[in-house]
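Undergrad: Predicted coordinates and the sequence they were generated for:
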Amino acid sequence: MSGGRTEADRAGAVVLAEHMETGARRPGRVVGFVVAATALAWSLFQLWIVSPVPYSLGFGVIPETQARSIHLAFAVFLAFLLFPARLPSRPGPRITAGFYLLLALGLWLLAWQQHQAEQPWVPVYLLMGGVALALAWPAWRPAPLERIPWVDWLFALAAALTAGYLFLLHQELAQRPGRPILSDMIAAGLGMLLLLEATRRVLGPALMVIAGVFLVYTFAGPWMPDLLAHRGASFGRAMSQQWLSNEGVFGIALGVSTSFVFLFVLFGALLEKAGAGGYFIRVAFALLGHLRGGPAKAAVVASGLTGVVSGSSIANVVTTGTFTVPLMKRTGFPAAKAGAVEVASSVNGQLMPPVMGAAAFLMVEYVGIPYVEVIKHAFLPALIAYLALLYIVHLEACKAGLEGLPRRSNRTVLRTGLVLGLSVSGLLVLAGLVYYGLGWIKTLAGDHSFFVIGGLIGLAYLGLLWLACRVPASHAELDPEIRKLPDPGPTIQGGLHYLLPVIVLIWALVVERLSPGLSAFWAVLFLIGILLTQRPLMLFFRGQRGHVRATVAGILDLGHGLVQGARNMIGIGVATAAAGIIVGTVAMTGIGLVMTDLVEWLSGGHLLLMLLLTAVICLVLGLGLPTTANYIIVATLMAPVIVDLAAQNDLLIPLIAAHLFVFYFGIMADVTPPVGLASFAAAAVARADPIRTGIQAFWYSLRTVTLPFVFVFNTQLLLIGVDSLWQLALTFFGSLTGILVFAAATQHYLLVRNRVWETALLLVVALTLLVPGVWMDRLHTPLTALPAAEVQAAAEAAPAQGHLRLEVSGYDLHGKEVTRRVMLPLGDRGPGQQRLTDAGLGLMVFDEQVNVSFVRFGSPAERLGLESGARITAVFVPADRPAPEWFFLPALFLLAVVTWIQRQRAPASP
C-alpha cells in the first residue's frame, strides 16, 4: 500500500469520525476561537463543580440540578454551532423541512383552538409554531461547513437560554412547584423543541422520533387502545414534569452525564493528547505483531488498551484502525475482514473497565451500587470476550495461512516470552508493593499521607520519564508502513509514565472508594501535570534546548485536550437529555407495567423467548441510536421486565445482570448494519463495503452477543456468589474454555474445518462449560425454601457483597395479590438486621409473619420495587447439592475426542 493511500485512509476516517462525534463544521479563525473558548469553558466548569475547591472555599458551590442545567446549555449551544441542519453529502427528500412545516401549522391550529377555549398557553403554541417554521428553513438547504449561519446562532442562544432556565430562575421555580407561569411554559416548550432538533442534528433522526413518539403518547393516552391507554396529561403538567423538574430531561441520565461521564471523557481526551493512544498501539504490535495474523491480534489488544482511554467505539476505530487495518490487509486479511476485526475489538472497548462507555455510569444510578462494583461485575466477561476475539483472529489466520510481521532483532520466541513473563511478574510484584506500601504510609503519615503519596507519585513520574528518554526514537513511533517490528522491552519502557494516571484513577476508585467524579478529577489533574511538564522534562533529561517552546507546546496540548474533551461530550450530553424525555414519560404514564404485560404476552411467559425478545428490541433500537440513549431506553423499559418475568420462572436474576444484559446488546448499536457507525468508519479505512464489514463484524461479535445469556443463567461469571480463589479459578477456566470452544464452533474451525456433527458437539461442550448448572438444575433444584421468619439469619449468613433471595407478596394497582421473587444485594458482613437496613429494607416480625415496615428511597430495596406493607413469604438459600462444575469432566472429554479426530485430519507439519 502506498504512503499516499494510507494518509488518505487516515484523513478520511478522521473526517468521518469528526463529522459523527464532534461536528462537521470547521468555521473560520474568529468563530472557531469562540467555539473553542466555549468548549474550554465547559471543561473548566466541569472540573470546578467536581473538585473539592468550591467546598473548601465556601464559594461557587453549584447544586446538582443547576449544574445539570448549565451542562445541557453548553451541549445544545455547541450542537447548533458545530452540527449543520443538513450536510451537503446527504441529498434526497427534504422530510425534515416538511415535518417542521406541518408541525408549525399544527401548533398554530392548536393555538387558535385554545384561544377559542380561553386557555392560558396560547402564546406558547404561537411561539413554538414560529420556531418550528424557522427550523424548516436550514433543514431545506444544505448548510455551509466553513461558516455558521446567523439563524444557527439564534437557535444556539435560544437553546442555551432555555436549557439554563433552571439555573437562572431556580429560586422562583422552587417557590411555585407545580404552578408554572407563562414564561415557564415558553422556556419549556421552546426548550423541548430545540432539544429535539439538536438531537436530530447530532445523533440522527432515530432518537428524535422515539422521544417525539413518547411525548405524543403522554398527551394521547385517553385515545390509545386499552392495553396502552392512560388518563393523559395537560401541556402544563407534561412540561412541568419534563423540563421544570428533575424527573424528565434534567433527570438521572443528564445528572450522570454531568457528574461522572464528562470527567471520564475528558480523562480519555487528555490521555490521548499526551500520547498514550499511540503508546498502547506500539506496545500491542511489539508484543503480538510477529505472531500468526499478528497485526489483527495487535488490533484487538490495542483496542482493548485504547478502551481505557476512550469509551467511544468510533474514536477507537479511528485511533487504532488507521494503523492496524492497512497492516492486516498487507499480511493477507481481506478488506472487509480487516475492518470487521477492528470494529469488533473497538466496540468491545466499551466493555473494558475501568473507563467504560457512558452507559456504565448510568448503571451506577439505575442499579444503586458503587461504580467499583460495576467494574468488578463487568471485568471477567470483558476479559474473556477479548481473549475469544484473539482466538477468532488466530483461527482466521490459520484458515488463510497468514503469517506475522518480522522483528527488527532476531530474538527467539523463548526469549521474548521470558521477557514478557518477567515484565508481567514484575508488574504484579510492583502492584503488591504499591498497595501495601501506600497502606503503610497512610497509617504512618496520617493526615499528611496525601502529600507524601503525591510526592512519591511525582518521583515515580520523573523516574519513568527518565527511562522513556533512554529509548531510541525508532521505538517511540509506529509507522503504518513498518516492515519490521520494534523490540517489546524498549517499546514498553518508552511510555510507562502513561500508566500512572490510570493507576491514580483505579486507586481512587477501588482503594480509596472515592466517587467516580472525584476519582476522575484527581486523574485528570495528574494528566494536566503530565501535559504541562512532559515535553520540557524530556528535553532536560536528554540535555537538549528549547524548554520555553516545549512549555508553550504543552500548554497548547492541554488547551486542545480540554476543547476536544468537551466536543466529544456534545453527543452524550444531548443523548442523555433527550432520553430523559422517555424516562419522564414512563414515570408519568406507567407504561413500564404495560411493557411487562406486553413482553409476557409475546413470549408466552417463556424466559428464553423473553430474553430473545429483549435482545431484538435492543438491536432494533441500535439501528439508529447511540449506545447511551439505547441503554437508557431499554434499561428503563426492559430491565425491570427481565427481573420480574425471570422471577416468575423461578430464576432470580440480580438487577446488575439485567442491566448488563441490555448494556451488552446496546453496544451492538455501533456494529449492526445497516447504520452501524463504527462499521462505516472501519469500512472507510479499509476501503470495503460498509454492509459487508458490519455483517462480518457482527459475526465476530457473536461471542459478545452470547455472553449476556450466559451470565443471566450463570451469575458467577459476574463474580456474584464467588467467595473463594478456587471458585474464581473454576469460573474463569470454564467460562474462558467455553467461549473459545463457542468461537471454534461459530467459525467452523478448530484444528481443521469442522464437520457438521463436530460443530454440534462443540456447541454442547460450550454450553456445558459456560452454564454448568443447565444440566445440574435438571437433576437437583438449586435453591431451598426457608420460612420467612429466618430472613435475618439468612441475611447474616450470606457472604459479603452477596444477595438475599426473597419471595414477596403484595398488591398491584388493581388490588390483585401478586407474589414475586427478588434478589436483594447485601453489603459487608454483619448482623442480619443491620445488613437488611443498609439495603434499605425494614422488617416487622410477628411470630411466623414478616412484613415490610419501610423501604428507604433510592436504596437497592426500592429499586427492586419493594414497598411498605408487602409480606415476606419465604427465603431461598442455595441447596446442598453437588457442584455443577462436575459436568466440566464429560464436556472436556467430548472436546478431547473432537480435537483427536480433527488432529487425524490435520495435514502433517513440514
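TA: Received it, and whenever you're ready, just let me know what you need.

Undergrad: How is this structure partitioned into domains?
TA: If you go by automatic domain parsing, the domain ranges for the chain are 25-254, 722-782+882-910, 784-880.

Undergrad: Of those, which shows the lowest average pLDDT?
TA: For the domains of the chain, mean pLDDT drops lowest on domain 784-880, to a mean of 83.

Undergrad: Quick one: end-to-end length of it, please.
TA: Terminal residues of domain 784-880 lie 8 Å apart, using Cα to Cα, to the nearest Å.

Undergrad: before we move on, the earlier item: of the domains of the chain, flag the one that's most buried.
TA: Most buried of the domains of the chain, by mean neighbour count (mean count of other Cβ atoms under 10 Å): domain 25-254, with a mean of 18. Every C-beta, even on glycine, is put in place using the N, C-alpha and C of the backbone.

Undergrad: Kindly list the main-chain dihedrals of Gly802?
TA: phi -90, psi -170 (degrees, to the nearest 10).

Undergrad: if we can go back for a sec, looking at the domains of the chain, which is closest to Leu351?
TA: Nearest to Leu351 among the domains of the chain is domain 722-782+882-910 (13.4 Å), distances taken as Cβ to Cβ.

Undergrad: before we move on, the earlier item: minimum distance to Gly565: which of the domains of the chain has it?
TA: That would be, of the domains of the chain and by Cβ to Cβ, domain 25-254, which comes in at 5.6 Å.

Undergrad: before we move on, back to that, pipe the domains of the chain into CSV and attach distance to Arg703 per row.
TA: As requested, these are exported to CSV (distance: least, Cβ to Cβ, whole Å):
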stretch, distance to Arg703
domain 25-254, 27
domain 722-782+882-910, 6
domain 784-880, 26
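
Undergrad: Nearest to Gln544, out of those?
TA: Here domain 25-254 is closest among the domains of the chain (Cβ to Cβ), at 30.4 Å.

Undergrad: From one end of that closest one to the other, what's the distance?
TA: Per Cα to Cα, domain 25-254 runs 25 Å from first to last residue.

Undergrad: Tell me the gap between it and the middle of its chain.
TA: 25 Å (Cα atoms, centre = their mean, to the nearest Å).

Undergrad: List the residues that contact Leu194.
TA: By Cβ atoms under 8 Å, 6 or more residues apart in numbering, the contact list for Leu194 reads Val76, Phe80, Val131, Phe155, Ala158, Ala159, Thr162.

Undergrad: From Arg201, how far off is it?
TA: Taking Cβ to Cβ, to the nearest Å as the measure, Leu194 falls 10 Å from Arg201.

Undergrad: got it, and Arg231?
TA: Taking Cβ to Cβ, one finds Arg231 at 34 Å from Arg201.

Undergrad: wait, isn't Ser240 in contact with Ala187?
TA: No - Ser240 lies out of contact with Ala187 (Cβ atoms under 8 Å); the separation is 11.3 Å.

Undergrad: what sits in contact with each of those two?
TA: Between them, Ser240 and Ala187 share no contacting residue under Cβ under 8 Å, 6+ apart.

Undergrad: next structured bit after the helix or strand where Val265 lies?
TA: Element membership for Val265 (DSSP states H and E) is helix 262-274. For helix 262-274, the succeeding helix or strand toward the C-terminus, using DSSP H and E, is helix 276-288.

Undergrad: where do the helices sit along the stretch 51-200 of the chain?
TA: 53-57, 64-82, 95-116, 122-140, 150-163, 165-168, 170-175, 182-203 (DSSP state H, counting those that start in this stretch).

Undergrad: Please tabulate the ones you listed in JSON lines and include distance to Arg513 as additional columns.
TA: JSON lines is the format used below for these (distance: least, Cβ to Cβ, whole Å):
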{"stretch": "helix 53-57", "distance to Arg513": "18"}
{"stretch": "helix 64-82", "distance to Arg513": "20"}
{"stretch": "helix 95-116", "distance to Arg513": "48"}
{"stretch": "helix 122-140", "distance to Arg513": "47"}
{"stretch": "helix 150-163", "distance to Arg513": "33"}
{"stretch": "helix 165-168", "distance to Arg513": "31"}
{"stretch": "helix 170-175", "distance to Arg513": "31"}
{"stretch": "helix 182-203", "distance to Arg513": "35"}
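
Undergrad: And for Leu531, the neighbour number?
TA: Per other Cβ atoms under 10 Å, the neighbour tally for Leu531 reads 23.

Undergrad: quick one, what contacts it?
TA: Leu270, Lys273, Ala274, Gly554, Asp557, Leu558, Gly561.

Undergrad: Can you name the residues that contact Val35?
TA: Pro27, Leu78, Leu81, Leu82.

Undergrad: What separation do you get for it and Val471?
TA: Taken as Cβ to Cβ, the span from Val35 to Val471 is 38 Å.

Undergrad: how about the helix holding Val265 as PDB, C-alpha atoms only?
TA: Presented in PDB, the C-alpha positions along helix 262-274 are these (Å, rounded to 0.1, in the frame of the first residue of the first chain):
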ATOM      1  CA  PHE A 262     -17.800  14.300  31.400                       C
ATOM      2  CA  LEU A 263     -14.700  13.900  33.600                       C
ATOM      3  CA  PHE A 264     -14.000  10.400  32.200                       C
ATOM      4  CA  VAL A 265     -14.400  11.500  28.600                       C
ATOM      5  CA  LEU A 266     -12.100  14.400  29.400                       C
ATOM      6  CA  PHE A 267      -9.600  12.000  31.000                       C
ATOM      7  CA  GLY A 268      -9.600  10.000  27.800                       C
ATOM      8  CA  ALA A 269      -9.100  13.000  25.600                       C
ATOM      9  CA  LEU A 270      -6.200  14.300  27.700                       C
ATOM     10  CA  LEU A 271      -4.600  10.800  27.900                       C
ATOM     11  CA  GLU A 272      -4.800  10.600  24.100                       C
ATOM     12  CA  LYS A 273      -3.400  14.100  23.700                       C
ATOM     13  CA  ALA A 274      -0.500  13.200  26.000                       C
END
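
Undergrad: what is the orientation angle of that helix with helix 64-82?
TA: Calculated by axes from the mean of the first three to the mean of the last three Cα atoms, to 10 degrees, helix 262-274 forms an angle of 50 degrees with helix 64-82.

Undergrad: avg pLDDT for helix 262-274?
TA: Rounded mean pLDDT across helix 262-274 is 87.
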